[in-house]
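Participant: Okay, here's the prediction I keep looking at, along with the sequence it came from:
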Amino acid sequence: MANKSKRRDFLKATTAASVGYWVSAGGARAASRSPNERVNHAAIGAGGMGRGDVKGISEAGAHVVALCDVDEARSAESRKRFPDAKFFHDFREMFDKMGDEIDSVNVSTPDHTHFVASMTALKLGKHVRTQKPLTHDVWEARMLKEEAARRPKQVTAMGNQGTTADGFREAVEVIQSGTIGAPKEVHVWTNRPVWPQGTGAVLKHKGVRAGLTGDGAAAKPPSTLQWDLWLGTAPVRNYDPIYVPHDWRGWWDYGTGALGDMACHTANMAFMACEIWDDVYPTSVEAEISEYNPETFPMWSILTYQFPPRQGRSGALPGLKWVWYDGGDDKPKWVIPHLKKLAQTNRLPVSGSLIIGEKGTLYSPDDYGSNYTLLPKQNFRGYKPPSPWLPRIGGDTYGEFVRAIQQGDPKAVMSNYGYAGPLTETVVLGCTAMRSKNRMIEWDGPNMKITNDQKANQHLRRDYRGEWDV
């Protein structure tokens with residue numbers, strides 16, 4: 001895959017080159033295979049999301065040979081399920097001792113360690129499936145995309161599993177075929193955050209700030225948790241139960257907030273359908289937020305991206321306005337009525353998306369874009385979707401990854417790093433915009449630079465602790 005290859009070329013290529021395989025396979029699990037075809041797999045992160053990831057990859061036909069997790073308690077179920085797999089706390093040690101025995105890995109850790117684990121695995125020649133968002137920072141997303149482009153035989157994937165749903169792929173085809181005309185606006189919303197962040201989280205944290213208990217003594221991590229390894233690339237900080245195991249998502253050092261957590265799902269269908277990838281970058285991002293503090297993401301945010309005109313499957317496409325809303329019940333009062341009006345419904349779901357075109361609107365009332373309605377309904381009575389050109393695999397996200405490895409076909413994974421990198425870069429650029437404190441940032445995508453706020457550029461790439469440089 002060339003560094004500047006177009007994702008649209010992949011979409012067209014899969015129709016001719018892969019549809020026969022996809023249809024005949026029908027998403028079936030790998031059957032009996034010779035030892036030479038066996039995929040030896042290791043999990044970097046075996047608890048939480050990693051528990052489901054390594055289980056799914058195993059059931060898709062991979063052989064789990066190693067498990068790595070910084071928390072023995074959280075990874076206990078996976079260690080019990082795979083008793084013959086060797087267990088490590090540090091993935092660097094795992095690669096040192098077992099690198100020659102490992103073909104593929106899943107990276108299912110908190111956001112701030114996605115890049116360092118994924119890039120290490122890539123450079124060691126491993127196939128890699130990374131949880132969403134692909135990275136914590138903009139620079140990291142660009143680097144993974146470019147590194148993967150230099151390694152066209154390695155299979156890469158991001159864990160935005162909705163991409164493998166048949167309904168998702170049909171919705172993409174509906175938009176790209178010109179059914180609603182050229183897209184002009186996209187609106188995407190979520191019920192996240194469902195964890196503490198913003199002023200409330202900081203106030204809650206004051207009683208235990210810097211890892212102190214109520215009596216002033218330093219809180220100690222559980223004996224099962226390797227706290228320094230959990231921190232990874234992040235600055236040294238005392239253990240605090242407000243971060244682990246889940247609520248790290250709302251803190252700048254570790255997570256990417258509601259936007260990073262959910263946009264790689266909920267905005268994914270519209271991003272692909274509107275053909276925003278590779279060298280199509282937003283020209284600006286404006287963030288409206290509830291409040292700014294240097295520790296956590298805000299209670300709510302509204303991000304407005306502007307994308308330039310571009311060439312699409314059905315012809316030239318105009319500029320695109322893209323708006324993201326998060327904050328659950330904390331959204332500004334005008335947001336829900338506004339979205340209800342656009343979606344032509346009195347009962348707005350907690351998450352969804354709208355793609356507004358020149359001739360109509362596609363409304364999806366879920367996180368993955370796999371269900372949709374064309375609006376206004378009377379204009380689309382009797383509508384039949386176009387003949388499929390994207391493979392259908394029935395949502396078999398883990399099978400897609402394992403089969404691609406077994407068959408030596410990295411392009412069989414639709415959300416590979418060539419696509420997931422630009423999607424994630426766009427998403428986490430919004431996180432950077434939030435730090436500009438309600439000021440629009442102007443983006444020079446090719447040069448990866450904010451042109452109107454020099455200080456904001458510091459948030460495109462974090463400084464890692466020295467031992468974690470890749």
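Facilitator: Okay, I see it.

Participant: Any stretches of the stretch 301-450 of the chain with poor pLDDT?
Facilitator: Counting by pLDDT under 70, the stretch 301-450 of the chain shows low-confidence ranges at 438.

Participant: list the contacts for the residue nearest to residue 452 when sequence neighbours are not counted?
Facilitator: Nearest residue to residue 452, sequence neighbours excluded (C-beta to C-beta, 6 or more residues apart in numbering): residue 442, at 4.4 Å. C-betas here are computed from N, CA, C, even on glycine. Taking C-beta atoms under 8 Å, 6 or more residues apart in numbering as the contact definition, residue 442 lies against 283, 284, 450, 451, 452, 453.

Participant: Just the buried ones out of these, please.
Facilitator: Neighbour counting by 16 or more other C-beta atoms under 10 Å classes 284, 450, 453 among the contacts of residue 442 as buried.

Participant: quick one, helices of the stretch 151-300 of the chain?
Facilitator: 166-176, 199-206, 227-231, 257-266, 268-273 (DSSP state H, counting those that start in this stretch).

Participant: and the fourth one, what does it pack onto?
Facilitator: The reference is to helix 257-266. Judged by 3 or more C-beta pairs under 8 Å, 6 or more residues apart in numbering; DSSP states H and E, helix 257-266 is in contact with strand 183-189, strand 301-307, strand 320-326, helix 417-434.

Participant: most tightly surrounded among those?
Facilitator: helix 417-434 (a mean of 26; mean count of other C-beta atoms under 10 Å).

Participant: Please find the angle between the direction vectors of it and strand 320-326.
Facilitator: If you take axes from the mean of the first three to the mean of the last three C-alpha atoms, to 10 degrees, helix 417-434 sits at 70 degrees to strand 320-326.

Participant: returning to that earlier point: make a markdown table out of the buried ones among the contacts of residue 442 and add distance to residue 405.
Facilitator: As requested, the buried ones among the contacts of residue 442 are exported to a markdown table (distance: C-beta to C-beta, whole Å):
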| residue | distance to residue 405 |
| --- | --- |
| 284 | 39 |
| 450 | 38 |
| 453 | 42 |
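
Participant: from those, which single one is nearest residue 92?
Facilitator: Nearest to residue 92 out of the buried ones among the contacts of residue 442 is residue 450 (C-beta to C-beta; 32.8 Å).

Participant: Would you mind confirming that the closest one makes contact with residue 461?
Facilitator: No. Contact criterion C-beta atoms under 8 Å: residue 450 and residue 461 do not qualify, at 11.9 Å.

Participant: sorry, back to before: reformat the helices of the stretch 151-300 of the chain as TSV; add distance to residue 352.
Facilitator: Below are the helices of the stretch 151-300 of the chain laid out as TSV (distance: least, C-beta to C-beta, whole Å):
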stretch	distance to residue 352
helix 166-176	12
helix 199-206	26
helix 227-231	34
helix 257-266	7
helix 268-273	11
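
Participant: Nearest to residue 66, out of the ones you listed?
Facilitator: helix 227-231 (15.8 Å).

Participant: how about that closest one: buried residues?
Facilitator: Residues 227, 229, 230, 231 are the ones in helix 227-231 that count as buried (16+ other C-beta under 10 Å).

Participant: Specify which member of these is nearest to residue 373.
Facilitator: residue 230 (43.2 Å).

Participant: Surely the closest one and residue 69 touch.
Facilitator: No. With contact defined as C-beta under 8 Å, residue 230 does not count as touching residue 69 (9.8 Å).

Participant: How about the contacts made by residue 57?
Facilitator: Contact analysis of residue 57 by C-beta under 8 Å, 6+ apart lists 41, 43, 64, 104, 106, 129, 398, 401, 402.

Participant: just checking, which of these belong to strands?
Facilitator: 41, 43, 64, 104, 106, 129 (DSSP state E).

Participant: What is the burial count for the residue lying closest to the first one once chain neighbours are set aside?
Facilitator: Meaning residue 41. Nearest residue to residue 41 in three dimensions, chain neighbours excluded: residue 62, at 4.0 Å (C-beta to C-beta, 6+ apart). As a burial measure, residue 62 scores 25 neighbours (other C-beta atoms under 10 Å).

Participant: What distance do you get for residue 62 to residue 108?
Facilitator: From residue 62 across to residue 108, the span is 14 Å (C-beta to C-beta, to the nearest Å).

Participant: how near is residue 178 to residue 275?
Facilitator: To residue 275, residue 178 is 12 Å away according to C-beta to C-beta.

Participant: Could you work out the most separated pair of the ones in strands among the contacts of residue 57?
Facilitator: It's 64 and 129 that sit farthest apart of the ones in strands among the contacts of residue 57, by C-beta to C-beta, at 13.2 Å.

Participant: Okay, domains of the protein per the record?
Facilitator: The chain resolves into domains spanning 7-164+394-421, 166-196+254-390+425-458 when parsed by automatic domain parsing.

Participant: got these as CSV, with distance to residue 467 columns?
Facilitator: CSV is the format used below for those (distance: least, C-beta to C-beta, whole Å):
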stretch, distance to residue 467
domain 7-164+394-421, 9
domain 166-196+254-390+425-458, 18
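
Participant: Quick one, which of those domains gets closest to residue 240.
Facilitator: Per C-beta to C-beta, nearest to residue 240 of the domains of the chain: domain 166-196+254-390+425-458, 11.2 Å.
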